[in-house]
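>>> structural data only, the sequence is not supplied:
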């Protein structure tokens, strides 16, 4: 797992359900994840943290990844580790340029909705990874899409669109 935020630590812990060992690689000297998650991480002996490392090269045999080449930012030393796969979790940025400033957004750019996926502008609904929420997964985006579609249908079929659900 490459990353140092909440998502990377959570995903590394999750991977231990399926992998015998997990390397957690972060380019900084300290994780950016919450202190709670950093403490939780210590409970997972199957995770080795490699701080101050950047990925320089990903090697494979044409069918699968098998080696990561890392650079230790403190020493400049090049290291290699054998791996069976790579997961990257280095942050999220919502793709909202098309609607920037037209609906209410939080400082990170995520669109703010109510529980029916209605934005601050009547008739505009949002769902998926562009909205503010606590879990960014396909399953949540799908359920939000169903809610948004249902809400939009009610809005469009309403005789008085001011009484949106």
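Cool, got the structure. Quantities reported herein were computed from a predicted structural model and do not represent experimental measurements. Numbering: from 1, shown residues only.
>>> use CA for all of it now, contacts and neighbours both
OK.
>>> longest single helix anywhere in the chain?
For the chain, the longest helix by residue count, based on DSSP state H, is helix 138-157.
>>> list the buried ones in that one?
Using 16 or more other C-alpha atoms under 10 Å as the test for burial, helix 138-157 gives 141, 144, 145, 147, 148, 149, 151, 152, 155.
>>> for the chain, what spans make up the strands?
22-25, 47-50, 53-60, 65-72, 78-82 (DSSP state E).
>>> okay, those strands, which one's buried deepest?
Across these, the average number of neighbours (mean count of other C-alpha atoms under 10 Å) peaks for strand 22-25, which reaches a mean of 21.
>>> packing partners for that strand?
helix 6-15, strand 47-50 (3 or more C-alpha pairs under 8 Å, 6 or more residues apart in numbering; DSSP states H and E).
>>> hmm, try it at 7 Å
Packing partners of strand 22-25 (3 or more C-alpha pairs under 7 Å, 6 or more residues apart in numbering; DSSP states H and E): strand 47-50.
>>> name the residues that touch the strand it packs on?
With C-alpha atoms under 7 Å, 6 or more residues apart in numbering as the contact definition, strand 47-50 has outside contacts at 21, 22, 23, 24, 25, 26.
>>> repeat that with 10 Å
With contacts defined as C-alpha atoms under 10 Å, 6 or more residues apart in numbering, strand 47-50 is touched by 1-2, 4, 9, 12-13, 15-16, 19-29, 31, 41-42, 70, 72.
>>> please pick the buried ones from those.
1-2, 4, 9, 12-13, 15, 21-28, 31, 41, 70, 72.
>>> related to what we said a few turns ago, rebuild the strands of the chain as CSV, extending it with distance to residue 110.
Listed next are the strands of the chain as CSV, based on distance: least, C-alpha to C-alpha, whole Å:
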stretch, distance to residue 110
strand 22-25, 27
strand 47-50, 30
strand 53-60, 28
strand 65-72, 33
strand 78-82, 36
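>>> tabulate those strands (a markdown table), appending mean pLDDT and distance to residue 103.
A markdown table is the format used below for the strands of the chain (pLDDT from 0 to 100; distance: least, C-alpha to C-alpha, whole Å):
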| stretch | mean pLDDT | distance to residue 103 |
| --- | --- | --- |
| strand 22-25 | 97 | 37 |
| strand 47-50 | 97 | 40 |
| strand 53-60 | 94 | 37 |
| strand 65-72 | 95 | 42 |
| strand 78-82 | 96 | 46 |
